[in-house]
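Colleague: My questions concern the predicted model and sequence given below.
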Amino acid sequence: MKIAVVYDTDTYEQKKNMVTAVKNALLKKYDAYELAFDENFMSEIKKYDMVFNLSSSGGRESRQMHVPAVLDIMGIPHTGPGSYTHALCLNKTVTKIILRQHGIPTPPEIKQQDIFVHRWEEGTGFIVKPEREGSAKGISDKSVVYDAQSMKKQVEYINNTFKQPALIEQFIPGRELSIGIVGNAETMEVLPILEIDFSGLPEEIEHFYSHRVKEEYSHLTSYKCPAPLDQKTEKDIKNYAAKVFNILELKDYCRMDVRLNEKNESFFIDINSMPLLMPDYSDIIKMAKAGGMEYDDLILKITQSALSRK
Ligand SMILES: Nc1ncnc2c1ncn2[C@@H]1O[C@H](COP(=O)(O)OP(=O)(O)OP(=O)(O)O)[C@@H](O)[C@H]1O
Ligand SMILES: [Mg+2]
């Protein structure tokens, strides 16, 4: 079986290493090659039986939707969900509407046009985020607001910088968890839950995953996997996560960001339909390891899961 590991032409160094690491893992069992998603893709891809999809920045706006859409037309199996699911997950507001409809807890949000009519509850903060970005883009210490004027300013910043609506979501103070899933409907495995611990950060730095905390302060954040949780909380979160996986028709692997308030109530804030698979770095790699799966095992399991799908 010939597998193409498909990547974007703008892939930077660290991501390039991920492409090679995935290919090397696949070589243990298959014929694997790296293939760029460029103007020759439609003809080149015909030489392969399957795609391990790592393309997440193709095009100007729809990002990870392109490769699965092309492969769907060509009838070539691939890892990860179809473009329909990627589209749903790319828009956080849409995702939240669907989750809420299915009884999955997600923080309440307010609409941009309701900033000045919203009745503020004492001490409640909101986080203002771009509706359709990732990698904590546009998320800083200024994103969390406690009054209408600051909220308006932050919404305008998001609208102007990212040319898209802002999602204004209730800020959940508390613990940050990440949930990873590998497999499909029958083989689905929720990996040990990862906790991201921000307590080592200086006091003046925001204690959540802002862009600078991700990029510049990672040495001061620490990880606990499995996260210390009481049995009920862990079971509830894992059940919710499995439900989300099915509702959104996620496939093979995914990562979900969850906040836990002081009452141990969980809130789903972000569903990543194609999380990065950077060796030793990405959260899902840490979770797999805690579950006894080395990097190569995880890549092969994702591939097996995709191949087993009709
Ligand atoms: N409602 C919220 N309450 C508390 N913290 C939040 C909330 N929304 C976002 N955050 C914080 O901001 C971080 C980034 O938010 P989010 O996951 O929505 O953005 P993203 O850009 O999609 O992230 P990723 O890097 O996972 O792609 C979260 O990991 C969390 O630390
Ligand atoms: Mg996130």
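Modeller: Here it is on my side, so go on. Ligands and ions are numbered 1, 2, ... in the order given.
Colleague: quick one, strands of the chain?
Modeller: Here the chain has its strands, by DSSP state E, at 2-8, 31-37, 50-53, 109-110, 126-130, 144-145, 166-170, 175-183, 189-190, 194-197, 222-224, 252-260, 266-272.
Colleague: near ligand 2, which residues of the stretch 151-300 of the chain?
Modeller: 257, 270 (C-beta under 5 Å from the ion). Any C-beta I mention is one placed from the backbone N, CA and C, and that applies to glycine too.
Colleague: Point out the residues in the stretch 151-300 of the chain that sit beside ligand 1.
Modeller: Within the stretch 151-300 of the chain, the positions near ligand 1 by C-beta under 6 Å from any ligand atom are 169-172, 176, 208-209, 257, 259, 269-270, 272.
Colleague: neighbours around Glu186, how many?
Modeller: Residues within reach of Glu186, counting by other C-beta atoms under 10 Å, total 7.
Colleague: Now do it against Ile73, distance only.
Modeller: 27 Å (C-beta to C-beta, to the nearest Å).
Colleague: which other residues reach the helix ranked longest in the chain?
Modeller: Ranked by number of residues, the top helix in the chain under DSSP state H is helix 231-247. If you take C-beta atoms under 8 Å, 6 or more residues apart in numbering as the criterion, helix 231-247 is touched by 98-99, 102, 104-105, 177, 179, 181, 185, 188, 190, 193, 227, 229, 250, 254, 256, 258, 260, 264, 266, 268, 271.
Colleague: Which positions in that helix come out as buried?
Modeller: Residues 233-234, 236-238, 240-242, 244-245, 247 are the ones in helix 231-247 that count as buried (16 or more other C-beta atoms under 10 Å).
Colleague: cool, and stretch 185-192?
Modeller: Buried, per 16+ other C-beta under 10 Å, within stretch 185-192: 188, 190-192.
Colleague: Which one of those residues is nearest to ligand 2?
Modeller: Leu191 (16.4 Å; C-beta to the ion).
Colleague: Can you pull the phi/psi pair for that closest one?
Modeller: With angles defined as degrees, to the nearest 10, Leu191 sits at phi -70, psi 160.
Colleague: Could I get the CA-only coordinates of the longest helix of the chain as CSV?
Modeller: Taking only C-alpha atoms (Å, rounded to 0.1, in the frame of the first residue of the first chain), the coordinates of helix 231-247 have been written out as CSV:
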residue,chain,number,x,y,z
GLN,A,231,-13.7,9.4,39.2
LYS,A,232,-17.0,11.0,38.4
THR,A,233,-15.5,14.2,36.8
GLU,A,234,-13.2,12.1,34.7
LYS,A,235,-16.0,9.7,33.6
ASP,A,236,-18.4,12.6,32.8
ILE,A,237,-15.7,14.4,30.7
LYS,A,238,-14.8,11.2,28.8
ASN,A,239,-18.5,10.5,28.1
TYR,A,240,-19.1,14.0,26.8
ALA,A,241,-15.9,13.8,24.7
ALA,A,242,-17.0,10.5,23.1
LYS,A,243,-20.4,12.1,22.4
VAL,A,244,-18.8,15.1,20.8
PHE,A,245,-16.7,12.8,18.6
ASN,A,246,-19.8,11.2,17.2
ILE,A,247,-22.0,14.3,16.9
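Colleague: and that helix, how far out from the chain's middle?
Modeller: In terms of C-alpha atoms, centre = their mean, to the nearest Å, the centre of helix 231-247 is found 16 Å from the chain centre.
Colleague: now the angle between strand 252-260 and it, please.
Modeller: Here helix 231-247 runs at an angle of 140 degrees relative to strand 252-260 (axes from the mean of the first three to the mean of the last three C-alpha atoms, to 10 degrees).
Colleague: Fine, thanks again, bye for now.
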